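Predicted model and sequence below, questions to follow.
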There are 2 protein chains.
Amino acid sequence: MKLVYTGKTKNVFALDDGNYLLKFKDDCTGADGVFDPGMNTIGLTIDGAGRAGLRLTKHFFEILNNKGIPTHYIDCNIDDVTMTVRPAKTFGKGLEVICRFRAVGSFYRRYGDYIEEAAALPAFVETTLKDDAREDPPITKDALDILGIVSAKDYETLKDLTQKIATIIKEELAKKNIELYDIKFEFGKIGDQIVLIDEISGGNMRAYRNGKYILPLDLEKMVLEE
Amino acid sequence: MKLVYTGKTKNVFALDDGNYLLKFKDDCTGADGVFDPGMNTIGLTIDGAGRAGLRLTKHFFEILNNKGIPTHYIDCNIDDVTMTVRPAKTFGKGLEVICRFRAVGSFYRRYGDYIEEAAALPAFVETTLKDDAREDPPITKDALDILGIVSAKDYETLKDLTQKIATIIKEELAKKNIELYDIKFEFGKIGDQIVLIDEISGGNMRAYRNGKYILPLDLEKMVLEE
């Protein structure tokens, strides 16, 4: 088992059978000890954050796999805090696809002159490049095409899949009286098929109950234990 | 004649016949005395900059009007440094549409991980909101639609017009051995028709000769006097 990538919130190992093993860490994105899913830096480390993220990821990926949504997920081991996944090729050096149901975070910071904070959005999709040095710049469909990162045709598939998956997660959370405001995905390609990769946990989304933001570790408890 | 708007580089007066009069100023965008068409602040004042901008604007708008491109331009008075235009409604509080033939400026700053500086681009179009407080945020076709600023149908017209107009300007400049790297337009609506508004001058574009950037006042001389 060979370490092939050291990420901010997980490490990636190559397995002998061609699949990959993701080892979840307890590091969370944010700044100065405050968690923020919109940030790009490690802001704090919380004991058990990796395992909580993995448990939620397992929960959601199994729901998606059962619904026939293509994902990289194969299996996971909660005790070892690891997940086995199929090998997928990222778009460029990594692309984040965001789906928004309410205008918060960077959307509101950018467009606050045209919309009230937390106003409803119709599963609005936008994309950013994973590029720490350039602070994950936003990028349009046309620019992704021109730069050879995502073709116009693949973009439409990505957008459609994103809206479908985000709506499934939103409906799952609604069963627990939790409202999904926005969520961030990563996709990759296995052959010609576009599949959901990475994780689905509190660190990738903003979820609220009764208008109050839910911290990632609380989200895991609310979804899996209530 | 009533002053209805005080802009950074021009003032707008309402005329009795329903048209508007734009009075060009000698203020230029940039910072700390250095001109930069990509900036949002007034960086310097140059004697004659307003008149030079108006002369270039007249030159290009007359070419466009002759080619049947819809614009707000009616006439101008070089001595008074004023231009008479038809009344157009802006998209939202103002939208800038950029057309890029080479990867420089903010495009290269954002996507430098995927493209060489000054690499050729195929008349790539992108849009930003005019919003000083939020530093003119970039915005996608989908976000413009959702926020009620530009419909998806109007966006396609805007993109098409932008590529057409930018290509005409590029070809005009090429006659003088000048290469257009990028250019920024504003559009408005008169009834249902989308028309080019604002100005077309050195302050709206990056133009080069033999790989060397041309300052706005030099551009006016090269285009009109050589």
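Cool, the structure landed.

Report the contact partners of A:Ile165.
A:Leu64, A:Ile69, A:Cys99, A:Phe185, A:Leu196 (CB atoms under 8 Å, 6 or more residues apart in numbering or on different chains). C-beta here means a position set from N, CA and C on the backbone, and glycine is covered the same way.

If you count contacts, what does the helix or strand bottoming out on mean pLDDT in chain A end up packed against?
Ranked by mean pLDDT, DSSP states H and E, the helix or strand of chain A with the weakest confidence is strand A:34-35, at a mean of 84. Secondary-structure packing of strand A:34-35 (3 or more CB pairs under 8 Å, 6 or more residues apart in numbering or on different chains; DSSP states H and E): strand A:42-45.

Show the average pLDDT along the strand it packs on.
Averaging pLDDT along strand A:42-45 gives 86.

and A:Phe13, what is it in contact with?
Applying CB under 8 Å, 6+ apart, the residues contacting A:Phe13 are A:Met1, A:Lys2, A:Leu3, A:Val4, A:Tyr20, A:Leu21, A:Leu22, A:Lys23.

picking that back up, who does the least confident helix or strand of chain A pair up with?
Applying DSSP bridges, strand A:34-35 is found paired with strand A:27-31 (antiparallel).

export the partner strand as CSV, just CAs?
Coordinates of each C-alpha in strand A:27-31 appear next as CSV, following Å, rounded to 0.1, in the frame of the first residue of the first chain:
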residue,chain,number,x,y,z
ASP,A,27,-8.2,18.2,10.2
CYS,A,28,-11.1,20.5,9.1
THR,A,29,-11.1,23.5,6.8
GLY,A,30,-11.5,26.9,8.3
ALA,A,31,-9.4,29.6,9.8
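
Would you mind checking the average pLDDT for that strand?
86.

Get me the contact residues on chain A for chain B.
A:92-93, A:109-115, A:121-122, A:124-126, A:129, A:131, A:133-134, A:137-143, A:146-149 (CB under 8 Å from any CB of the partner chain).

May I see the ChimeraX selection of the buried members of those?
Those of the residues of chain A next to chain B that count as buried under 16 or more other CB atoms under 10 Å in any protein chain shown are selected in ChimeraX with:
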select /A:92,110,111,114,115,121,124,125,126,129,131,137,138,139,140,141,142,143,146,147,149
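
Just the buried subset of the contacts of A:Phe13, please.
Buried residues within the contacts of A:Phe13, counting neighbours by 16+ other CB under 10 Å: A:Tyr20, A:Leu21, A:Leu22, A:Lys23.

Is the third one located within a strand, as I assumed?
Yes - using DSSP: H, G, I helix; E, B strand; the rest coil, the assignment for A:Leu22 is a strand.

who's in contact with it?
Applying CB under 8 Å, 6+ apart, the residues contacting A:Leu22 are A:Lys10, A:Asn11, A:Val12, A:Phe13, A:Thr82, A:Met83, A:Thr84, A:Val85, A:Glu199.

Can you tell me the SS state at the residue lying closest to it once chain neighbours are set aside?
Leaving out its chain neighbours, the residue that sits closest to A:Leu22 by CB to CB, 6 or more residues apart in numbering or on different chains is A:Met83, at 4.7 Å. Under three-state DSSP, A:Met83 falls in the strand class.

which residues sit in contact with A:Met83?
A:Leu21, A:Leu22, A:Phe24, A:Leu54, A:Thr57, A:Lys58, A:Tyr73, A:Ile74, A:Asp75, A:Cys76, A:Asn77, A:Glu199.

Looking at strand pairing, list the partners for it.
Assessed by DSSP bridges, A:Met83 has beta-bridge partners A:Leu22, A:Cys76.

For it, give its distance to B:Lys141.
Between A:Met83 and B:Lys141 the computed distance is 36 Å (CB to CB, to the nearest Å).

Equivalent analysis for A:Ala133, please.
27 Å.

How about A:Ile46?
Going from A:Ile46 to B:Lys141 by CB to CB gives 39 Å.

A:Asp26 - how many residues pack around it?
Neighbourhood size, A:Asp26 [other CB atoms under 10 Å in any protein chain shown]: 16.

Downstream of whatever helix or strand A:Arg206 lives in, the next helix or strand is which one?
Element membership for A:Arg206, per DSSP states H and E: strand A:205-209. Tracing the chain C-terminally past strand A:205-209 and defining elements by DSSP H and E, one meets strand A:212-213 next.

for that next one, the distance to its chain's centre please.
Its chain's average C-alpha position is 19 Å from that of strand A:212-213, according to CA atoms, centre = their mean, to the nearest Å.

Walk me through which strands it pairs with, and which way each runs.
The partner list of strand A:212-213 in its sheet, established with DSSP bridges, is strand A:205-209 (antiparallel).

what comes up buried for the partner strand?
Neighbour counts over strand A:205-209 (16+ other CB under 10 Å) mark A:Met205, A:Arg206, A:Ala207, A:Tyr208 as buried.

out of these, who's nearest chain B?
Checking those against chain B by CB to the nearest CB gives A:Arg206 as the nearest, at 18.0 Å.

Without its sequence neighbours, what residue ends up closest to that closest one?
Leaving aside its sequence neighbours, A:Arg206 sits nearest to A:Tyr181 (CB to CB, 6+ apart; 4.2 Å).

go on, A:Ile190?
Using CB to CB, 6+ apart and skipping residues adjacent in sequence, the residue nearest A:Ile190 is A:Ala88, 5.0 Å away.

Quickly note the distance from the one you found to B:Asp198.
For A:Ala88, the distance to B:Asp198 (CB to CB) stands at 46 Å.
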